[in-house]
Structures are given as C-alpha cells and as structure tokens.
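In: Predicted model and sequence below, questions to follow.
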Amino acid sequence: MHHISVSTAHPAKFSGAVKLALKDDISFNFEVQVFPHEFFALSLAKSRVTVVENSWEEVREIIKKKVDDDLKVEGSGCFETISHR
C-alpha cells in the first residue's frame, strides 16, 4: 500500500499563503511557477484527516493500528486503494 505525505515546507503545501503573499505580483502564476504537475492529481483526491493530541505515543498507536489493519487486508487477499492529499 502506498502512502504520500507532504511534510516539508514546499510552497505547494501552503498554496493559500503563497498566493496571498504574491497576489499583487502580476508576473506570478502559482500553477505554472510553483505547483508541481505531479501534485495536480493529489489536489483532486479524497483527503482524510485524523486529529490527535500533541502526543507521540498517541500518534504511534494510530500508526500501529493502521499497519495492523493493512496487514489484515493484505493477508485476506482483498485490496484497498487509499488516496491521500
């Protein structure tokens, strides 16, 4: 199963802030100059968010549960497709 996580400070992750900051620059085009073409499909994909406390232990438990669930699906011969944005 493939997961995509955008955790760096790439300007595409903060498109709203970048567009707002450069809105008066007539030569600026976010989609052409900043937005990677590989991100376009991700921008259309379903997004799922899990809100957790500021606790590495809680994050660890969520990840362990997800891995266990994925392994059960994998072992059953079923396939699950998940898209992340």
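Out: That came through, no problem.
In: burial count for Asp70?
Out: Applying other C-beta atoms under 10 Å, we find 14 residues neighbouring Asp70. Bear in mind the C-beta positions are built from the backbone N, C-alpha and C, glycine included.
In: where does it land in three-state SS?
Out: The three-state assignment at Asp70 reads helix, by DSSP: H, G, I helix; E, B strand; the rest coil.
In: buried set for the helix or strand of the chain with the lowest mean pLDDT?
Out: The helix or strand of the chain with the poorest confidence is helix 39-44; it has a mean of 78 (mean pLDDT, DSSP states H and E). Buried positions in helix 39-44, judged by neighbour count with 16 or more other C-beta atoms under 10 Å: Phe39.
In: tell me the SS of the residue of the chain most remote from its centre?
Out: In terms of distance from the mean C-alpha position of the chain, Ile26 ranks first, at 29.3 Å (C-alpha atoms, centre = their mean). Secondary structure, three-state DSSP: Ile26 is coil.
In: Now it: phi and psi?
Out: phi -70, psi -20 (degrees, to the nearest 10).
In: where does it land on pLDDT?
Out: What the model reports as pLDDT for Ile26 is 91.
In: Val67 now?
Out: What the model reports for Val67 is a pLDDT of 90.
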